[in-house]
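>>> sequence below, structure please.
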Amino acid sequence: MKATEVLADGFGRIREAVHEALDGLGAEELNARPDPEANSIAWLVWHLTRIQDDHVAGVAGQEQVWQSAGWAGRFALPLPVEDHGYGHTARQAGTVRVDSADLLLGYYDAVHEQSLRFVRGLAAGDLERIVDERWDPPVTLGVRLVSVLADDLQHAGQAAYVRGLLERR
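Numbers count the residues shown, from 1 in each chain. Have a look, this model is predicted:
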């Protein structure tokens, strides 16, 4: 198995986890917070999608789907268009509200497709390209993509956990 196939498989696993976490949920469950400081399922999925969109588009030299495909306007959040949720306060996280899972799934699936197109077009040697020199050691493309996978899987797992909490209420 090639390294790029492993990455594509990883992104596919995130997609499965996101779809499972959102399946059949309505606005009340999506926007519910286990306590006032906790993140909602809507915020968790929006955030993981924004991070993937931002980071993959950045290393691919592409425009983010959030802006290029009009998702920012469809969500109409009271946040700056470039916001992806990193460092959000509880109040800011609470502003990410959606009316249906379809909106989150539509955006996630669009980002997933753009990510897969990019990853499938890579050669193994591309993964060694330095994409961020602000770190020591500098971050390679391979490390950045694994970082996105790890972060997204954590947030998808958190969304599934919150779903379980809500279902047991």
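>>> how about the CA coordinates for stretch 136-155, as PDB?
C-alpha atoms of stretch 136-155 as PDB (Å, rounded to 0.1, in the frame of the first residue of the first chain):
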ATOM      1  CA  ASP A 136      11.600  23.100  14.600                       C
ATOM      2  CA  PRO A 137      11.900  20.800  12.900                       C
ATOM      3  CA  PRO A 138      10.000  22.300   9.900                       C
ATOM      4  CA  VAL A 139       6.700  20.600   9.100                       C
ATOM      5  CA  THR A 140       6.600  18.400   6.000                       C
ATOM      6  CA  LEU A 141       3.500  17.800   3.900                       C
ATOM      7  CA  GLY A 142       3.200  14.300   5.300                       C
ATOM      8  CA  VAL A 143       3.300  15.400   8.900                       C
ATOM      9  CA  ARG A 144       0.700  18.200   8.200                       C
ATOM     10  CA  LEU A 145      -1.700  15.700   6.600                       C
ATOM     11  CA  VAL A 146      -1.300  13.200   9.500                       C
ATOM     12  CA  SER A 147      -1.900  16.100  11.900                       C
ATOM     13  CA  VAL A 148      -5.200  16.900  10.200                       C
ATOM     14  CA  LEU A 149      -6.200  13.300  10.300                       C
ATOM     15  CA  ALA A 150      -5.400  13.000  14.000                       C
ATOM     16  CA  ASP A 151      -7.200  16.300  14.900                       C
ATOM     17  CA  ASP A 152     -10.300  15.400  12.800                       C
ATOM     18  CA  LEU A 153     -10.600  11.900  14.200                       C
ATOM     19  CA  GLN A 154     -10.400  13.300  17.700                       C
ATOM     20  CA  HIS A 155     -13.200  15.800  17.000                       C
END
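>>> buried sites along that stretch?
The neighbour-count check on stretch 136-155 (16 or more other CB atoms under 10 Å) flags 139-145, 148-149, 151-153, 155 as buried. (Each C-beta comes from the backbone N, C-alpha and C, glycine too.)
>>> restricted to helices, list those.
Among the buried residues of stretch 136-155, DSSP state H puts 141, 142, 143, 144, 145, 148, 149, 151, 152, 153, 155 in helices.
>>> about what we covered before: need the max-distance pair from the buried residues of stretch 136-155.
Across the buried residues of stretch 136-155, no pair lies farther apart than 140 and 155, at 22.8 Å, counting by CB to CB.
>>> out of the ones in helices among the buried residues of stretch 136-155, who's nearest residue 78?
residue 155 (21.3 Å).
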